[in-house]
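Student: Build the 3D model from these lines:
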Amino acid sequence: MAGIDVGGTRVKSVLADSQGSVLLSHTASTPERPGEAVVDLVVATVADLLERASAEGVEGRLGAVGVVVPGLVDESTGSAAWSANLGWRDLPLRQRLRDRLDVPVAVGHDVRAGLLAEFHLGAAQGVPDALFVPLGTGIASALLAGGRVVAGSEWTGEIGHVVVEPDGPVCGCGRHGCLEAVASAASLGRAWRGLGRDGDAETLSRAVVDGDPDAVRLWHGAVDALVRVIAPVCAAAGTRVLLVGGGLAESGAVLLDPLRERLVHSLGHDRVTVTRAALGDRAGALGATLLAMEATA
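Tutor: Numbering: from 1, shown residues only. From the prediction side, this is the model:
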């Protein structure tokens with residue numbers, strides 16, 4: 001089984017056996033706004049995985065491919081409906097990949113697949129009610145309710161495009177002040193550089209630790225925006241665990257501590273655990289292999 005996670009900056013892929021055990025993995029850069037060329041990108045990634053497997057003496061044939069992408073995804077039809085950051089619209093991804101690869105193909109949303117992996121393999125094991133929010137190039141979410149990943153429509157989980165600052169920065173979707181334009185790792189890096197500073201969100205997080213007032217203002221503004229969107233979801237769904245992933249989660253307690261404090265204050269109780277996702281940037285690709293396994297069941 002091949003699992004491929006096409007992200008805003010990197011393509012993460014894994015090859016697993018029929019039991020789900022990872023045989024090898026690989027990471028490459030995502031071409032800028034690949035658009036419909038994502039089909040060629042996935043096909044090339046699969047070929048690269050198989051070539052690497054052969055070189056390492058891994059035997060067997062490819063049984064299925066799971067591909068997960070950001071943006072709006074219709075998992076029932078396998079269509080990648082829209083991605084603000086990667087530049088496609090109404091792309092029949094599953095059908096085109098089936099035609100090229102000649103194996104069963106599953107197409108899913110990257111964040112929902114990540115939560116599926118965290119539920120089976122990571123920090124959400126044994127937790128039937130969880131919310132997963134990766135903070136990377138963009139922001140989306142996935143909800144686990146009663147042990148099932150919620151996928152009500154293609155817009156499910158798109159919290160990154162909730163407007164939190166009507167006069168805020170322009171988002172990739174064209175609107176102003178979306179959560180993604182205020183609190184993602186990419187947007188925080190841009191805001192930091194907009195102050196004439198060098199670096200990215202990681203640099204910003206270190207400046208927060210050092211007490212830099214500009215850094216603290218940007219960082220806590222982002223945390224406040226996150227809580228305004230996340231708290232109502234947790235309250236409505238009865239969430240017990242908030243899993244934070246993506247590049248911004250690498251800052252650890254610098255992010256998680258104020259996020260936990262402000263979430264508890266907003267909810268009025270402390271029955272939601274805030275923790276870092278366990279699988280890191282492998283979550284989407286691992287979830288994609290689980291989808292591939294389901295496609296052959």
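Student: Now do the strand or helix carrying Leu144: everything it contacts.
Tutor: Using DSSP states H and E, the element containing Leu144 is strand 142-145. With contacts defined as C-beta atoms under 8 Å, 6 or more residues apart in numbering, strand 142-145 is touched by 109, 111-112, 114-115, 119, 124, 127-132, 149-150, 156-157, 233, 237-239. Where you see a C-beta, it was placed from the backbone N, CA and C, and this is true even at glycine.
Student: Regarding stretch 104-117, how distant is the last residue from the first?
Tutor: One end of stretch 104-117 to the other measures 20 Å (C-alpha to C-alpha, to the nearest Å).
Student: Let me see the mean pLDDT of that stretch.
Tutor: For stretch 104-117, mean pLDDT is 96.
Student: sorry, back to before: in the strand holding Leu144, which residues are buried?
Tutor: Within strand 142-145, the residues that count as buried by 16 or more other C-beta atoms under 10 Å are 142-144.
Student: hang on, Pro166 in a helix?
Tutor: No - the assignment for Pro166, made by DSSP: H, G, I helix; E, B strand; the rest coil, is coil rather than a helix.
Student: residue contacts, it?
Tutor: By C-beta under 8 Å, 6+ apart, the neighbours of Pro166 are 176-177.
Student: per-residue confidence for it?
Tutor: Pro166 carries a pLDDT score of 96 in this model.
Student: picking that back up, sheet partners, orientation included, of the strand holding Leu144?
Tutor: Paired strands of strand 142-145, with direction, are strand 130-134 (antiparallel), strand 148-149 (antiparallel) (DSSP bridges).
Student: I'd like the buried residues of strand 142-145 written out as JSON lines, with distance to Pro31 added.
Tutor: Below are the buried residues of strand 142-145 laid out as JSON lines (distance: C-beta to C-beta, whole Å):
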{"residue": "Ala142", "distance to Pro31": "26"}
{"residue": "Leu143", "distance to Pro31": "31"}
{"residue": "Leu144", "distance to Pro31": "32"}
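Student: and which of the residues you listed is nearest Leu255?
Tutor: Taking C-beta to C-beta as the measure, Ala142 is the one of the buried residues of strand 142-145 closest to Leu255, at 18.7 Å.
Student: What residues are recorded as beta-bridge partners of the closest one?
Tutor: Following DSSP bridges, Ala142 is listed with bridge partners Phe132.
Student: Okay, it and Ala113: tell me how far apart.
Tutor: As judged by C-beta to C-beta, to the nearest Å, Ala142 and Ala113 stand 8 Å apart.
Student: how close does the nearest residue to Phe119 once chain neighbours are set aside get to Leu259?
Tutor: Nearest residue to Phe119 in three dimensions, chain neighbours excluded: Leu144, at 5.9 Å (C-beta to C-beta, 6 or more residues apart in numbering). As judged by C-beta to C-beta, Leu144 and Leu259 stand 19 Å apart.
Student: Appreciated, that's everything.
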